[in-house]
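Chemist: With the input below, show me the fold.
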Amino acid sequence: MKKQPITTLLFDFDGTLLDTNELIIQTFLSVLGKRYPGRFAREDVLHFIGPSLKQTFDGIDATLTEVLMQEYRSLNIELHDQMVVEYDGVTETLRNLKSRGIKMAIVSTKRRDMIRRGLKLMDIEDIFDIIIGLDEVVNPKPDPEPILLALKQLNATKEEALMIGDNSHDIEGGHNAGVRTAGVAWTAKGEAYLSTFNPTYMLQHISELLEIIDGQPS
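Modeler: Got it, this is the predicted structure:
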């Protein structure tokens, strides 16, 4: 059975469109270093990239989740603008896709206000039809809820959608929602790691989305 053409792209944000990895790592190291001196190293906090803050801090100490989230967000906002960097080719590719009439959404475990802050820095606030942030859902990725909500708001079907992300939560969330998935080789956790979750595609550069939309890769 021939697959339907992809008309809808759902993007994770952090680590996919905007390089926030060092910002996230340094924020976690600072917040956790004050509370748990010597317990967390850089390689430890790499695992915290992707899940929601609640998921991460619940796994460390659920009694302190709210406090740690507040400390994290305060420092993260302070450092944000000076530490984030756009990945190569993102703006150009997104504008090209927009000109082709592709439906596009952000589906992230980040709060909407911080997603908008990043989009403003990248000067692409006009690109996305909708934004599904942590604020909009009860169950974040890998639960299918945010992806299915995005599809509903875009009036799109599972068969025509592609979820793109840098983390296992993105790929598993896509699988759980029944959509095709694309991992990004520039993930901080490494292409080999992300490949173990069996994305439909593995992007070496974001411009490869143009080829996928054109139906060139199998």
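
Chemist: same for the lengthiest helix in the chain, what does it pack against?
Modeler: In terms of residue count, the longest helix belonging to the chain (DSSP state H) is helix 65-83. For helix 65-83, the elements it packs on are helix 21-35, helix 53-61, helix 112-122, judged by 3 or more C-beta pairs under 8 Å, 6 or more residues apart in numbering; DSSP states H and E. Every residue, glycine included, has its C-beta placed from N, CA and C.

Chemist: any idea of the mean pLDDT in the very next helix or strand once past the first one?
Modeler: Beyond helix 21-35 in the direction of the C-terminus, DSSP states H and E gives the next helix or strand as helix 42-45. Per-residue pLDDT values across helix 42-45 average out to 92.

Chemist: What are the contacting residues of helix 42-45?
Modeler: With C-beta atoms under 8 Å, 6 or more residues apart in numbering as the test, helix 42-45 has contacts from 24-25, 28-29, 32.

Chemist: could you redo the last one with a cut-off of 6 Å?
Modeler: Among residues not part of helix 42-45, those counted as contacts by C-beta atoms under 6 Å, 6 or more residues apart in numbering are 25, 28-29.

Chemist: my guess is residue 207 meets residue 89, correct?
Modeler: Yes. In this structure, residue 207 is within contact of residue 89 by C-beta atoms under 6 Å, at 5.2 Å.

Chemist: about what we covered before: now a ChimeraX select for only the buried ones of the contacts of helix 42-45.
Modeler: Of those, the buried ones go into a single ChimeraX selection, burial set by 16 or more other C-beta atoms under 10 Å:
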select :25,28
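
Chemist: That's all I had, so thanks and see you.
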